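Engineer: predicted structure and sequence below. I'll ask about it afterward.
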There are 2 protein chains.
Amino acid sequence: MSDIPKAIHIKEEGPREGFQSEAPIELARKIELIDALSETGLKKIQVGSFVNPKKVPSMADIKELVAGITAKPGVSYTGLWFNERGFLDALDTGKLDVQGTLQTTASETFLKRNQNRTLKEQLGSLQGLTAMYQSKNVAVTRGSVMCAFGCSFEGDIPESRVVGLVDEIFKISEEHNLDVKDIALADTMAWATPDKIKRTVGAIRDKHPNAHINLHLHNTRGMGIANVYAGLEMGVDSFDSSIGGLGGCPFAPNKAAAGNVCTEDLVFMCEEMGIETGIDLEKLIAVSELAEEIVGHSLPGQVKMGKSLNSIRQKIQSKVTQ
Amino acid sequence: MSDIPKAIHIKEEGPREGFQSEAPIELARKIELIDALSETGLKKIQVGSFVNPKKVPSMADIKELVAGITAKPGVSYTGLWFNERGFLDALDTGKLDVQGTLQTTASETFLKRNQNRTLKEQLGSLQGLTAMYQSKNVAVTRGSVMCAFGCSFEGDIPESRVVGLVDEIFKISEEHNLDVKDIALADTMAWATPDKIKRTVGAIRDKHPNAHINLHLHNTRGMGIANVYAGLEMGVDSFDSSIGGLGGCPFAPNKAAAGNVCTEDLVFMCEEMGIETGIDLEKLIAVSELAEEIVGHSLPGQVKMGKSLNSIRQKIQSKVTQ
């Protein structure tokens, strides 16, 4: 158990993951949620996507949203984009932590369905994006692999393919004198189980011992927290998650299926295990309840229903000292 | 990872855990659910409790229930009881797998609140129960520790206290020439996290290397499957679970809080990891949907919403071969 990190970094993705899959939400309420998240101790919050408003109407107000949030010092706000237009819009806000990511996908079938590209074309396009980032003096610090653990269109993804993509990412980084250190592995369609997490992370580590691995996990099949734990055991200290488990999986057969791994459940497990998150769990639970109120239905996170153990310990303690 | 077992044993507790926490359910539908569970490959099903019908009205029909189920050869049906009356009623059915358990609780506060007994009185009462089991030629094969990982009335439970109770259980077993091999650890109020599972199981193993440990886990704080995984890593091969996650935790602050760890999610994880369960996951998912229909609301299990990976693999395969 000595690989378990002493502290972890969490990127809150609830606003992006959640708003895009929920019924339309008022701009003011989106801003209210992000501002509330900023007060919990979270250091990184992804606020939304810079995408075609015709294709993703729920993100049409992204510029107003970024303008409206009260940026808290020490908190980094990020956005997501898939093309030059989105990147330039994000940069234009002047308010976001804008860094370049070399995006790849381990499932060619998924890539073809979603972006009508082969893997070769995708890797080729990274060269163009890189030039664009460099022309704007934007650092390229991150590579990502979507569908890193399996794909509902293609099936199982061998670890060797993920390692091959990570090889490509570091090759491009070297060729273009970039500074890629972070490798994000996304379980886009919730195919991961704890052993698969360990094998994939292990295979990358064997070849790229200095890669700083991030896990973006979905809970569609209930494995989210167990997969986080497997990652922790491999020394992974960087996780994406969503407040309340907001998100839903756009590829899940049932629309009621769980979304991303839930931020407060993740924080609860880590803090109970003595792993620092820097986050106030009670505040986070209150924000999760706010998120439920905003989306108008219950969210899958469990700790908000069971209550934190610290709140129960305090109650017991206050009875003892009375 | 070499401690991970090749196969696990699951005791389905949905009927007992579920029926006692749900609105009244028709006897015929209870029987329908148990008979459906019998067809999934499950080898052990706990059908209900032999308790005071005035205190637990949902179990008032337990005798009719046992009489009504179609016992499938190879499936063992069990019941729960807390006193001589309950035991004799269970034995009287002639249809249940009746074995004696030396029941203990790691939280004295819980014991006082629930059974108005001290730990010393509880341990003393085990002697009387043992005599009763022996008089009926019923084997005493199991010891159990409730609240083994923490208690919402008392707080954290040190591992040493659990080891002390296991010591007592084996001492009684030896003194009375019993055959206790199985030690069941119940996370009655969902205080366990994966590290706590490992420490507690490890501490028992250090002192009693031949104890066959069973974990009864609740998912009230979302840690259920991660705790199972931690148990597997410690070589634990025996788990209790509930179809759909039926159960609810009677001690959770929110009545909508999750119940026991969900059988189909547990089976999904194990089968994906190459650990045999002997259970047909697709049949189990169908029974989980039946359970939802019977209780009249959705149940927390995730795999039934996300679908099994094997069903998706088959779909992909059938497209490839078309």
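Structural biologist: Yep, that arrived.

Engineer: got the phi/psi numbers for residue A:141?
Structural biologist: Main-chain dihedrals, residue A:141, degrees, to the nearest 10: phi -110, psi 0.

Engineer: swap in the one 10 residues further on?
Structural biologist: Geometry field for residue A:151 lists phi and psi as phi -150, psi 130, criterion degrees, to the nearest 10.

Engineer: mind listing what it touches?
Structural biologist: When contacts are counted by Cβ atoms under 8 Å, 6 or more residues apart in numbering or on different chains, residue A:151 touches A:106-107, A:109-110, A:157, A:188-189, A:191. Using the backbone N, CA and C atoms, a C-beta is placed for each residue, glycine as well.

Engineer: could you measure from the residue nearest to it when sequence neighbours are not counted over to residue A:163?
Structural biologist: In space, residue A:151 comes closest to residue A:107 once its chain neighbours are excluded; the distance is 3.5 Å by Cβ to Cβ, 6 or more residues apart in numbering or on different chains. According to Cβ to Cβ, to the nearest Å, residue A:107 stands 15 Å off from residue A:163.

Engineer: looking at these two, which has the bigger crowd around it?
Structural biologist: residue A:107 (25 against 18; other Cβ atoms under 10 Å in any protein chain shown).

Engineer: tally of neighbours for residue A:289?
Structural biologist: Residue A:289 has 17 nearby residues by other Cβ under 10 Å.

Engineer: same question for residue A:23.
Structural biologist: As a burial measure, residue A:23 scores 9 neighbours (other Cβ under 10 Å).

Engineer: so it sits in a helix?
Structural biologist: No - per DSSP: H, G, I helix; E, B strand; the rest coil, residue A:23 lies outside any helix segment and is coil.

Engineer: any idea of the pLDDT on it?
Structural biologist: You'll see residue A:23 listed with a pLDDT of 84.

Engineer: and the spatially most central residue of chain A, its phi and psi?
Structural biologist: Central residue of chain A (Cα atoms, centre = their mean): residue A:240, 3.2 Å from the mean position. As for residue A:240, its main-chain torsions (degrees, to the nearest 10) stand at phi -100, psi 150.

Engineer: residue A:11 is in contact with that one, correct?
Structural biologist: Yes - contact status for residue A:240 versus residue A:11: in contact at 4.8 Å, counting by Cβ atoms under 8 Å.

Engineer: mutual contacts of these two, please.
Structural biologist: With Cβ under 8 Å, 6+ apart as the test, residue A:240 and residue A:11 both reach A:46, A:214.

Engineer: quick one: contacts for whichever residue of the stretch 151-300 of chain A sits closest to chain B?
Structural biologist: In the stretch 151-300 of chain A, the residue that lies nearest chain B is residue A:222 (3.2 Å; Cβ to the nearest Cβ). Residue A:222 makes contact with A:258, B:225, B:262, B:265, B:268-269, B:301-303, B:306, according to Cβ under 8 Å, 6+ apart.

Engineer: likewise for residue A:299?
Structural biologist: Applying Cβ under 8 Å, 6+ apart to residue A:299 gives the contacts A:243-246, A:262, A:288, A:291-292.

Engineer: that concludes my questions; thank you for your assistance.
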